[in-house]
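Colleague: Here's my sequence, what's the structure:
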Amino acid sequence: MAYRFWCRLQRRHGSVRRLVRAGKRYRQADGRRLAAAVSYYGFFATFAMVLLGFAALGYVVDDPGVQGAVQRFLDENLPRVDTDAVRDAREATGLIAFASLLVIGLLWVDSLRSSVRAIWRIEEYPGGFFRRWFIDGLALVGLGTLLAVSLTVALGAEALLGWLVELIRAGELAPAEWLLLVVRFGLNFSVNTILAIAALTLLPRLRMPLRRVLPPALLVAAGAEFLTSVGRLVVDRAEYNPAFQVVAGAAGLLVFLLILNQLILFAASLTATAEQGRVVDLARRNGLRGSYYAS
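Modeller: Numbering: from 1, shown residues only. The predicted structure is shown next:
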């Protein structure tokens, strides 16, 4: 009875069929194991990016105009760190972070690219070793540039809107705060969507129509927003618990990356089993019809 109902549901609803096909592809490719491997490198790459940002902050605080704002930010988020400590540690920290990010970032790109291509059932490591790492390096730089530009535009738009709201709100605080929350969510969601599209196309070197990649990318963006919101709640709950303070940051980041990478690879399964448009493997210049990969 339940089996007949399930079969009837798949026949009537194309979205259910697509989810079933994607789930089957994800399971056959051992997506959970692939996500764990990507999360391993992503975990260390995140720490390298934090160090690099810490070093960049050291050069920012040289400007007297922003030193006070940076110090206020540190007082609210990192109360044991002051601007003098950040400035003094910038050179050594920057060198270590750059070298670490270069190596670990390439390993992370290699892992994510090969995992997505494994989902697609195409060659995971196309081309020679040095050529592949050179292209992975370009992809890493491109992804970093895309992230920086997206965040700059998002933060600039949010700051501009905040200034306009302060200018016209006429003492009504609640509506202005709600408007800022909505805009902030929209900007974060847009940035996550752009990064998800890049992870599903740029890193694995696949070219496909936007209508094929956009729905899975929106799924990843929504999942990232949900995980971020849950993570904030967990951090707030654990802030005053000494037992959680020791491991909450590292363990929480690892769990976040593991779930997020599983979501990315499931989104890759959705794109791989979709039937819209023509997909081109840029590593081989082969045209891949969606119906061929829907089996």
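Colleague: Can you check the pLDDT for S229?
Modeller: The model reports S229 with a pLDDT of 79.
Colleague: swap that for L143, sorry
Modeller: L143 is given a pLDDT of 79.
Colleague: count of residues packed around it?
Modeller: 18 (other Cβ atoms under 10 Å). The C-beta positions use only the backbone N, C-alpha and C, and glycine is treated the same way.
Colleague: again with A199
Modeller: 22.
Colleague: For it, give me its contacts.
Modeller: L112, V116, L143, V220, I264 (Cβ atoms under 8 Å, 6 or more residues apart in numbering).
Colleague: among those, which ones are buried?
Modeller: L112, V116, L143, V220, I264 (16 or more other Cβ atoms under 10 Å).
Colleague: ok, and the closest non-adjacent residue to the fourth one?
Modeller: Meaning V220. Closest residue to V220 apart from its sequence neighbours, by Cβ to Cβ, 6 or more residues apart in numbering: A196 at 3.8 Å.
Colleague: My reading is that the one you found lies in a strand. Confirm?
Modeller: No. Assessed with DSSP: H, G, I helix; E, B strand; the rest coil, A196 is helix; it does not lie in a strand.
Colleague: Hmm, F266 and it touching each other?
Modeller: No. If you go by Cβ atoms under 8 Å, A196 and F266 don't touch, sitting 11.7 Å apart.
Colleague: A272: neighbour count?
Modeller: 29.
Colleague: List the buried residues for the helix or strand harbouring it?
Modeller: Using DSSP states H and E, A272 sits within helix 242-273. Neighbour-count burial for helix 242-273, counted by 16+ other Cβ under 10 Å, picks out 244, 248, 252-254, 256-273.
Colleague: just stretch 101-121 next, same as before
Modeller: Within stretch 101-121, judged by 16+ other Cβ under 10 Å, the buried ones are 101, 104-120.
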